[in-house]
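A.B. asks: my questions are about this predicted structure, shown below with the sequence.
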Amino acid sequence: MVRTITELDMEVCCTLGMLTENQAKRLEEAGLYAYNHNIDSSEEYYKEVISTRAFNDRIETIDNVRKTSITLCSGGIIGMGESAEDRAGMLKVLANMNPQPESVPINALVAVEGTPMDEQEPVSIFEMVRMIATTRIVIPQTQVRLSAGRTQMTLEGQTMCFYAGANSIFAGDKLLTTPNPDINEDMKLFESLGLKTQAPFEKHAKREPVPADQTKYEALGEKPKWTRPGHKIERNEQKKAKKA
């Protein structure tokens, strides 16, 4: 699929979870333009959100992607109960990567009913603008992607985010399980703000896919290995108790 879409002169970005080095190199041969693998939050707060893997497991996949010429898309989510220090810590990790990520998605949590975070207060537009602006300052050359949570923002709020430094969005009807603005509405907003869409491969050259029958890297059937902390997250346990 990556080969086919790349041959249509479209930038392909995949979100496939944990990767081994061999898997990353196979995607590179297929012509993959970008790999999305968010670090989600600071290393300190990560364990308050995820119990099935460790923060360093995320970093290991990013390191495997960086052993190829695939560009990196990595950011996180705000509004999960983290502190301002956690938000700064997440950006510090991203800013200290060498090279820094070519794109950084900033997501606002969209509370989904029935999940442990369904009672989280929505992120205010001023928090989002502050996060976008800080990202632009500490990672100046990246594409700052205004991501999940846009349906909760007014057009004026989204405009402030663009003026604060966002220069990219995720388009489409849905982002995983959460709604996203209609693409036609996005285009109207861009037109009113004088924003122009970027042509494919403008920032990074297209890599021609290696034909499948000429690949150097075969499917090994390997599965990424990661630590499974298995610790209890109090918020999750409380939610389970309520359902029982």
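C.D. replies: Cool, the structure landed. Residues are numbered from 1 along each chain as shown.
A.B. asks: could you point out the longest strand in the chain?
C.D. replies: strand 103-108 (DSSP state E).
A.B. asks: now the helices: where do they sit in this protein?
C.D. replies: 2-6, 21-29, 43-46, 55-65, 84-95, 125-138, 155-164, 183-193, 234-243 (DSSP state H).
A.B. asks: figure out which of those helices is closest to residue 223.
C.D. replies: helix 21-29 (9.5 Å; Cβ to Cβ). Backbone N, C-alpha and C define where each C-beta goes, glycine included.
A.B. asks: what's in contact with the closest one?
C.D. replies: Contacts to helix 21-29, defined as Cβ atoms under 8 Å, 6 or more residues apart in numbering, come from residues 2, 14, 19, 35, 64-65, 67-70, 207, 209-210, 215-217, 219-220, 222, 224.
A.B. asks: CA atoms only: put that helix into PDB for me.
C.D. replies: Output of helix 21-29 as PDB, limited to C-alpha atoms (Å, rounded to 0.1, in the frame of the first residue of the first chain):
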ATOM      1  CA  GLU A  21      14.800  -1.800  12.900                       C
ATOM      2  CA  ASN A  22      14.100  -4.300  10.100                       C
ATOM      3  CA  GLN A  23      10.500  -3.200   9.900                       C
ATOM      4  CA  ALA A  24      11.500   0.400   9.700                       C
ATOM      5  CA  LYS A  25      13.900  -0.300   6.900                       C
ATOM      6  CA  ARG A  26      11.300  -2.200   4.900                       C
ATOM      7  CA  LEU A  27       9.000   0.800   5.200                       C
ATOM      8  CA  GLU A  28      11.800   3.000   4.000                       C
ATOM      9  CA  GLU A  29      12.300   0.800   0.900                       C
END
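A.B. asks: can you give me the angle it makes with helix 55-65?
C.D. replies: 40 degrees (axes from the mean of the first three to the mean of the last three Cα atoms, to 10 degrees).
A.B. asks: now helix 21-29: buried residues?
C.D. replies: 21, 23-29 (16 or more other Cβ atoms under 10 Å).
A.B. asks: now do that helix: distance to the chain's middle.
C.D. replies: Between the centre of helix 21-29 and the centre of its host chain there is 19 Å, according to Cα atoms, centre = their mean, to the nearest Å.
A.B. asks: switch to numbering from 670
C.D. replies: Sounds good: first residue 670 from here, last item helix 690-698.
A.B. asks: so residue 751 sits against residue 714, correct?
C.D. replies: Yes: with contacts counted by Cβ atoms under 8 Å, residue 751 reaches residue 714, the gap being 4.7 Å.
A.B. asks: any idea of the angle the longest strand of the chain forms with helix 753-764?
C.D. replies: Using the same axes, to 10 degrees: strand 772-777 against helix 753-764 is 160 degrees.
A.B. asks: for strand 772-777, name the packing helices and strands.
C.D. replies: strand 740-742, strand 745-747, helix 794-807, strand 812-815 (3 or more Cβ pairs under 8 Å, 6 or more residues apart in numbering; DSSP states H and E).
A.B. asks: winner for burial among these?
C.D. replies: strand 745-747 (a mean of 24; mean count of other Cβ atoms under 10 Å).
A.B. asks: any idea how far that strand is from the middle of the chain?
C.D. replies: So, by Cα atoms, centre = their mean, the centroid of strand 745-747 is 9 Å from its chain's centroid.
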